[in-house]
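*Asks:* any chance you could fold what I've pasted below:
(2 chains)
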2 protein chains.
Amino acid sequence: MADLSDVQSTFALDDVIALLARTPVTLDALLRGLPEWWTRANEGDSTWSAFDVVGHLIHGEETDWLPRVRIVLDHGESRTFDKFNREAQFDSSAPQSLEERLDRFTALRRENLTQLASLTLTAADLDRTGRHPAFGVVTLRQLLATWVAHDLDHVMQISRVLGRQYANEVGPWRAYLRVISGEQG
Amino acid sequence: MADLSDVQSTFALDDVIALLARTPVTLDALLRGLPEWWTRANEGDSTWSAFDVVGHLIHGEETDWLPRVRIVLDHGESRTFDKFNREAQFDSSAPQSLEERLDRFTALRRENLTQLASLTLTAADLDRTGRHPAFGVVTLRQLLATWVAHDLDHVMQISRVLGRQYANEVGPWRAYLRVISGEQG
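*Replies:* Next comes the predicted model:
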């Protein structure tokens, strides 16, 4: 666990929405039109390619984030969240081109942010609680913050998996590149 | 050092240009308009904020990547590359708003890619060699691959520094979020 003593602790619903709205545009800017050898490459056995990650983000929009928000609002702690299938992007029903996946993620995220805005959450709502299948009681604020951090986690992962494909090409510079060495730096 | 035995080893100048052209758009999509508390936050002492990283990328465009390409082509191994100042973004001459930095990075990158295209590098050119102050002899191919991997390294870093600001807000989900835990995963 990294030392987190210096991190900010600032949370505002506007910031959550600002970041969530940016992720599809960011991934589109980075990935659309890149050659397939790159976007389908992973980091070895049981790791994900950029293409896989976008599929995972789609599934989160469909089944995880906003449905859990609704469970908190409608049922509180009385109904445990459904478990999230982290491998659904490997189902044959997932869109099979990167461009389709980017389009679908963009559309789903837009729709979910519209729905989120329509809930007109108050500060008091953010303290409402639900029940996570592994963690137990969590707050709506934690769920929304996690939606954001999860996006950023996967932007980080996509950058790393793309960069790592040049591990051999960079020659001696490998030592300076954390994206390749695996150092956090 | 991560296990890199499974990585691709594919290099084409078109791919280099494709990725290098995408980075300014990607960072603009992610960062422009985010609140300043977020883009100026770092990960603790001697670490960089997103704002700092964009300044570092500007300095690379101004003094590092294309100038080194030209040194290889004009002088080969006879002239050692100038050292890269990794802290130049803290000089007072660096643009002082994130929006200015994004604009400047975008303009410099575009100009440098135009210059790179004008060199009409051949496959044989990519094997030409220069001299790095620490590593000794390197190829033009390695330099160009490193330009790409360095971009991705810093996209990864920016995602991480943004995500980590929610370290406390995510509550128990912290354990699942590599962007916060520091795990590579």
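*Asks:* looking at chain A, which helix is longest?
*Replies:* helix A:140-164 (DSSP state H).
*Asks:* that one to helix B:140-164, inter-axis angle?
*Replies:* 170 degrees (axes from the mean of the first three to the mean of the last three Cα atoms, to 10 degrees).
*Asks:* per-residue confidence averaged over the helix or strand just after helix A:140-164?
*Replies:* The helix or strand immediately downstream of helix A:140-164 is helix A:178-181, counting by DSSP states H and E. Mean pLDDT, computed over helix A:178-181, is 82.
*Asks:* hmm, helix A:178-181 touching chain B?
*Replies:* Yes: using Cβ under 8 Å from any Cβ of the partner chain, helix A:178-181 reaches chain B at A:Arg178, A:Val179, A:Ile180, A:Ser181. Glycine gets a C-beta too; all of them are placed from N, C-alpha and C.
*Asks:* between those, which sits nearest B:Arg174?
*Replies:* A:Arg178 (21.5 Å; Cβ to Cβ).
*Asks:* host element of A:Pro67?
*Replies:* helix A:65-75.
*Asks:* do that helix and chain B meet at all?
*Replies:* No: using Cβ under 8 Å from any Cβ, we find that helix A:65-75 stays clear of chain B, coming within 11.3 Å at best.
*Asks:* repeat that for stretch A:132-145.
*Replies:* Yes: Stretch A:132-145 is in contact with chain B by Cβ under 8 Å from any Cβ, via A:His132, A:Phe135, A:Gly136, A:Val138, A:Thr139, A:Arg141, A:Gln142, A:Ala145.
*Asks:* alpha carbons of stretch A:117-135, in PDB - could you do that?
*Replies:* The C-alpha trace of stretch A:117-135 is given here as PDB (Å, rounded to 0.1, in the frame of the first residue of the first chain):
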ATOM      1  CA  ALA A 117     -28.300  14.100 -12.800                       C
ATOM      2  CA  SER A 118     -32.000  13.300 -12.700                       C
ATOM      3  CA  LEU A 119     -31.700  11.900  -9.200                       C
ATOM      4  CA  THR A 120     -30.800  15.400  -8.000                       C
ATOM      5  CA  LEU A 121     -28.700  13.900  -5.100                       C
ATOM      6  CA  THR A 122     -28.300  16.000  -2.000                       C
ATOM      7  CA  ALA A 123     -25.400  16.000   0.400                       C
ATOM      8  CA  ALA A 124     -27.500  14.000   2.700                       C
ATOM      9  CA  ASP A 125     -28.200  11.400   0.000                       C
ATOM     10  CA  LEU A 126     -24.400  11.000  -0.400                       C
ATOM     11  CA  ASP A 127     -24.300   9.600   3.200                       C
ATOM     12  CA  ARG A 128     -26.900   7.000   2.500                       C
ATOM     13  CA  THR A 129     -25.700   3.500   2.800                       C
ATOM     14  CA  GLY A 130     -25.900   0.200   1.000                       C
ATOM     15  CA  ARG A 131     -24.500  -3.200   1.400                       C
ATOM     16  CA  HIS A 132     -21.600  -4.500  -0.700                       C
ATOM     17  CA  PRO A 133     -21.300  -8.300  -1.000                       C
ATOM     18  CA  ALA A 134     -17.700  -8.400   0.300                       C
ATOM     19  CA  PHE A 135     -17.200  -5.100   2.200                       C
END
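*Asks:* list the contacts for the residue sitting nearest the centre point of chain A?
*Replies:* Central residue of chain A (Cα atoms, centre = their mean): A:Asp151, 2.8 Å from the mean position. By Cβ atoms under 8 Å, 6 or more residues apart in numbering or on different chains, the residues touching A:Asp151 are A:Leu19, A:Leu20, A:Thr23, A:Leu57.
*Asks:* 6 Å instead, please
*Replies:* By Cβ atoms under 6 Å, 6 or more residues apart in numbering or on different chains, the residues touching A:Asp151 are A:Thr23.
*Asks:* report pLDDT for it.
*Replies:* Reading off the model, A:Asp151 has pLDDT 98.
*Asks:* now do A:Asp3
*Replies:* In this model, A:Asp3 carries a pLDDT of 48.
*Asks:* below-threshold pLDDT in chain A: ranges please.
*Replies:* A:1-10, A:183-185 (pLDDT under 70).
*Asks:* repeat that with 80
*Replies:* Scanning chain A with the threshold set as pLDDT under 80 gives A:1-10, A:86, A:88-89, A:92-93, A:181-185.
*Asks:* with A:Trp173 as the reference, measure out to A:Glu111.
*Replies:* The gap separating A:Glu111 from A:Trp173 is 43 Å, by Cβ to Cβ, to the nearest Å.
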